[in-house]
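Chemist: I would like the atomic coordinates for the input below:
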Amino acid sequence: MTQADLTVQKLRHPLKLRMLRVGRITELTPSMRRITLVGADLEGFHSASFDDHVKLFFPAEPGAELAMPVAGPNGLQFPDDAPRPIARDYTPRRYDPAAQELDIDFVLHHSGPATDWAMGASVGDTLGVGGPRGSFVIPTGFDWHALIGDETAMPAIGRRLEELPQGAQALVIVKTRDEASRMDFQSRCDLRIQWLDASDDGMDALERATRELVLPEGEGYVWAAGEYTPIQKVREHLVNERGLDKGRIRAASYWRREAPATHVNFE
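Modeler: Coordinates of the predicted model:
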């Protein structure tokens with residue numbers, strides 16, 4: 001059993017809003033596109049955890065000028081003389097301070113403001129970015145790490161696997177729309193990954209796989225994210241039926257079928 005410090009840290013960061021431009025576009029899979037953002041406004045950008053999210057600001061209408069808010073004493077203040085931009089939460093996949101590059105990965109399955117923008121993005125296009133406002137830092141010293149999610153969780157999972165040190169043990173369960181949506185994760189850790197398809201015959205594939213998952217001995221941590229209902233079921237099973245300490249699981253709804261633009265952390 002590890003003797004490492006396993007204290008989870010909650011950090012707060014000053015709010016800064018940035019206007020960036022598209023520097024590069026990379027097709028990761030047929031259903032995921034990486035947009036690399038660049039610009040001098042990235043100076044001072046900080047993301048302390050794979051679990052972080054930034055708020056992306058898109059024009060109120062396609063082709064319209066982006067009217068960015070400003071940070072005021074009571075939060076964000078939006079211009080009165082321009083349409084309010086559309087905002088969505090996304091994972092900062094990679095930040096390179098030397099090159100001043102920020103990677104954001106977009107899942108392309110469903111139409112919506114963020115997906116439509118990413119599908120039509122070109123080098124030189126502008127995008128507003130706010131945050132991250134805070135970080136939930138999960139130590140890498142646990143004996144094992146379980147990472148569970150759908151395609152929207154893949155950027156965070158990929159980042160975490162790159163951060164875990166050699167010798168760490170990672171159990172990964174990912175549900176994708178099809179085999180073409182799967183990708184090769186880069187990691188130095190001892191990785192065991194289970195890919196699932198998105199079929200649903202009464203019990204979601206993520207819940208079923210979690211119920212069948214054998215957790216190793218020692219101190220571990222579970223991180224899960226994706227669509228609201230399956231992630232809620234995963235958390236309920238681990239806490240209520242497996243007896244997992246609530247302090248050893250972080251579960252978040254990245255989207256919800258009834259209201260896609262929602263981000264909820266289950267407590």
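Chemist: wait, isn't Ile35 in contact with Arg94?
Modeler: No. Using CB atoms under 8 Å, Ile35 is not in contact with Arg94; the gap is 11.5 Å. (Glycine included, C-beta is placed from N, CA and C.)
Chemist: higher neighbour count, the two?
Modeler: Applying other CB atoms under 10 Å to Ile35 and Arg94 shows that Ile35 carries more neighbours, namely 24 against 17.
Chemist: Test for you: state the pLDDT assigned to the more buried one.
Modeler: With respect to pLDDT, Ile35 scores 98.
Chemist: quick one on the thing from earlier: between Ile35 and Arg94, what contacts are shared?
Modeler: Asp103 (CB atoms under 8 Å, 6 or more residues apart in numbering).
Chemist: Can you show me the helices along the protein?
Modeler: Taking DSSP state H, the helices of the chain run over residues 113-120, 154-163, 205-212, 228-236.
Chemist: Identify the residues contacting the longest one?
Modeler: This points to helix 154-163. Counting by CB under 8 Å, 6+ apart, residues outside helix 154-163 touching it are 32, 50-51, 90-91, 93-94, 104-105, 107, 140, 145, 147, 149, 170, 172, 174, 183, 185-187, 189, 191, 223, 225.
Chemist: one more time with 7 Å, if that's ok
Modeler: 50-51, 91, 93, 105, 140, 147, 149, 170, 172, 174, 185-187, 189, 191, 225 (CB atoms under 7 Å, 6 or more residues apart in numbering).
Chemist: From the residues you listed, list the buried ones, please.
Modeler: Buried residues within those, counting neighbours by 16 or more other CB atoms under 10 Å: 50-51, 91, 93, 105, 147, 149, 170, 172, 174, 185, 187, 189, 191, 225.
Chemist: quick check: domain ranges of this protein?
Modeler: Listed by automatic domain parsing, the domain ranges of the chain are 10-134, 139-266.
Chemist: which residues touch Ala64?
Modeler: Pro83.
Chemist: typed the wrong thing, it's Asp204
Modeler: Asp204 touches 230, 233, counting by CB under 7 Å, 6+ apart.
Chemist: who does it bridge with?
Modeler: Asp204 has these beta-bridge partners by DSSP bridges: Asp200.
Chemist: Local confidence estimate at it?
Modeler: pLDDT, Asp204: 90.
Chemist: What of the one 5 residues further on?
Modeler: Reported pLDDT at Ala209 in the predicted model: 95.
Chemist: Give the burial count for the residue lying closest to it once chain neighbours are set aside, as a bare number.
Modeler: Closest residue to Ala209 apart from its sequence neighbours, by CB to CB, 6 or more residues apart in numbering: Ile173 at 4.9 Å. Using other CB under 10 Å, Ile173 is surrounded by 25 other residues.
Chemist: how far away is Ile173 from Pro59?
Modeler: Here Ile173 is placed at a distance of 36 Å from Pro59 (CB to CB, to the nearest Å).
Chemist: same deal with Gln166?
Modeler: 44 Å.
Chemist: more neighbours, those two?
Modeler: Each of Gln166 and Pro59 has its neighbours counted (other CB under 10 Å); Pro59 has more, 19 against 8.
Chemist: The helix or strand bottoming out on mean pLDDT in the chain pairs with which strands, parallel or anti?
Modeler: Least confident element among the helices and strands of the chain, by mean pLDDT, DSSP states H and E: strand 264-266 (a mean of 74). Looking at strand 264-266 with DSSP bridges, its partner strands are strand 249-255 (antiparallel).
Chemist: pLDDT score for Pro260?
Modeler: 62.
Chemist: burial measure for the residue lying closest to Glu217 once chain neighbours are set aside, as a count.
Modeler: Using CB to CB, 6+ apart and skipping the chain neighbours, the partner closest in space to Glu217 is Asp143 (7.3 Å). Residues lying near Asp143 (other CB under 10 Å) number 16.
Chemist: what do you get for Glu27?
Modeler: 10.
Chemist: Quickly note the distance from it to Asp105.
Modeler: With CB to CB as the criterion, Glu27 and Asp105 are 11 Å apart.
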